[in-house]
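Visitor: I'll drop the sequence and a predicted model, then ask my questions.
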Amino acid sequence: MVSVVIEISRPPFGSEHTFAGLYVASASLSKGIDVIVLLRGDGVYTGRKGQIEPQEKIHLPPTENLVEDVIELSGRVVADNSALELRGIAAEELIEGIEILDTEGIHDIILEKGEQIVVF
Amino acid sequence: MVEVESDPKKTLSIMLFSGPYGSQDADHMCRIAEKAMDKGYGVQIFLYGDGVHAQLKGQAPKMFMNIGEKLTDLAKRGAIIKSCVRCSQARGYVEDEFDEEADRYPSSKALDEVKIYSLYGFINFIKSTDKLITLGSG
Amino acid sequence: MARICLLITKPPHSDENAERMCGVSQRARESGMDVAIYLLGDGVLCAKAGQKGYVGDNIRAALENGVSIIACQQDLEARAISKDHVESGIEISDDFEGIFVEDVMERADRVISW
């Protein structure tokens, strides 16, 4: 099976990078591609749960639901532990199903599973 | 560097995520794509996010390389160029429902050589390509 | 030996992309992979000699550890970075795209671009 690693390193709403990356993740999964989404740097904010109506409040689609879609379609979503710690984000704040790995583990995913790598 | 014989069946795909003149990315994309074609590789380009503006007809930069002309040249040489319909629609390019015969969403504003397509166009590139590079994101 | 090509078009100190590139490069070397780093656009600023901090240290360590680093000559010259100001060991190429494409298509198992 083709596998794709999608690296997301921007926070969820300030630019369209995050939506774009998560749409590629879901669409890839629906076509039988193995997907691992890496939340790195400010991308880890996308892993936090509890967004309140972003569509109504700031006219942007809720990335939380998009992350849940990826997990529901059996994609892996992995957050970089050092990026979480730097930002004071605890594991309990994350959407259910998100894995936490140290940076070495993230690099190993890129090297071992990144048959194709899409950076957002 | 050792000379390597190019396998004509190999394909390079490039995703462009930034607009044609806001950064060097589109320029890099065209130069890498041109070189790949010179060496006999197949090239597939997907315009995504603001990258879809590279499909606008009538670009006339005074000091920059004309990205629209470069894309047209690449397509005439056999490169397959698609752009995201959702991104294109948001930016005013899409005028009607998908046209099966033309195999694209119709747009009088977009270059004829660019196929406005669903995101699955890109997913098929990912599935079928030998190598993929992304420009204009990160 | 598995080979990875890393392309960076971002400057070294404005965001974390160059740091990420260095991290992947280091891990790939530790895993026994062959690594080539390609510096294009603002990415050539990573080639500037004498840089302090993580990226500068990592670039020098990469060169010592056998990583090949290739920078685009036109992008360097446009930014007034002559050969004397490039970290010693970095290859400067006026056919950057040609070398990059050939490496990616014929030799690399992985490619990642920031």
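Guide: Received it, and whenever you're ready, just let me know what you need.
Visitor: going forward, measure contacts and count neighbours with C-alpha atoms only.
Guide: Will do.
Visitor: which other helices and strands does the longest helix anywhere in chain A contact?
Guide: Scanning chain A for the longest helix, with DSSP state H as the assignment, gives helix A:17-30. Secondary-structure packing of helix A:17-30 (3 or more C-alpha pairs under 8 Å, 6 or more residues apart in numbering or on different chains; DSSP states H and E): strand A:3-8, strand A:34-39, helix A:63-72, helix B:120-128.
Visitor: which residues touch whichever residue of chain A sits closest to chain B?
Guide: Using C-alpha to the nearest C-alpha, the single residue of chain A nearest to chain B is residue A:120, 4.8 Å away. Going by C-alpha atoms under 8 Å, 6 or more residues apart in numbering or on different chains, residue A:120 touches A:6, A:7, A:8, A:9, A:10, A:17, A:18, A:20, A:21, B:137, B:138.
Visitor: ok, residue B:94 to chain C distance?
Guide: 30 Å (C-alpha to the nearest C-alpha, to the nearest Å).
Visitor: what about that residue, how many residues nearby?
Guide: Counted by other C-alpha atoms under 10 Å in any protein chain shown, the residues lying close to residue B:94 total 21.
Visitor: again with residue A:105
Guide: Counted with other C-alpha under 10 Å, residue A:105 comes out at 15.
Visitor: now check the helix or strand hosting it, is it near chain B?
Guide: Residue A:105 is part of helix A:103-113, with elements assigned from DSSP states H and E. No - counting by C-alpha under 8 Å from any C-alpha of the partner chain, chain B has no neighbours in helix A:103-113; the shortest distance is 13.9 Å.
Visitor: by how many degrees do that helix and strand A:34-39 diverge?
Guide: Counting by axes from the mean of the first three to the mean of the last three C-alpha atoms, to 10 degrees, helix A:103-113 points 150 degrees away from the direction of strand A:34-39.
Visitor: list the buried residues of helix A:103-113.
Guide: Judged by neighbour count (16 or more other C-alpha atoms under 10 Å in any protein chain shown), helix A:103-113 contains these buried residues: A:103, A:106, A:107, A:109, A:110, A:111, A:113.
Visitor: sorry, back to before: contacts for the longest helix of chain A next, please.
Guide: In contact with helix A:17-30 (C-alpha under 8 Å, 6+ apart) are residues A:6-8, A:10-12, A:34-37, A:43, A:46, A:61, A:63, A:66-67, A:69-70, A:73-75, A:119-120, B:49, B:119-120, B:123, B:137.
Visitor: nearest to residue C:67 among the buried residues of helix A:103-113?
Guide: Checking the buried residues of helix A:103-113 against residue C:67 by C-alpha to C-alpha gives residue A:111 as the nearest, at 15.7 Å.
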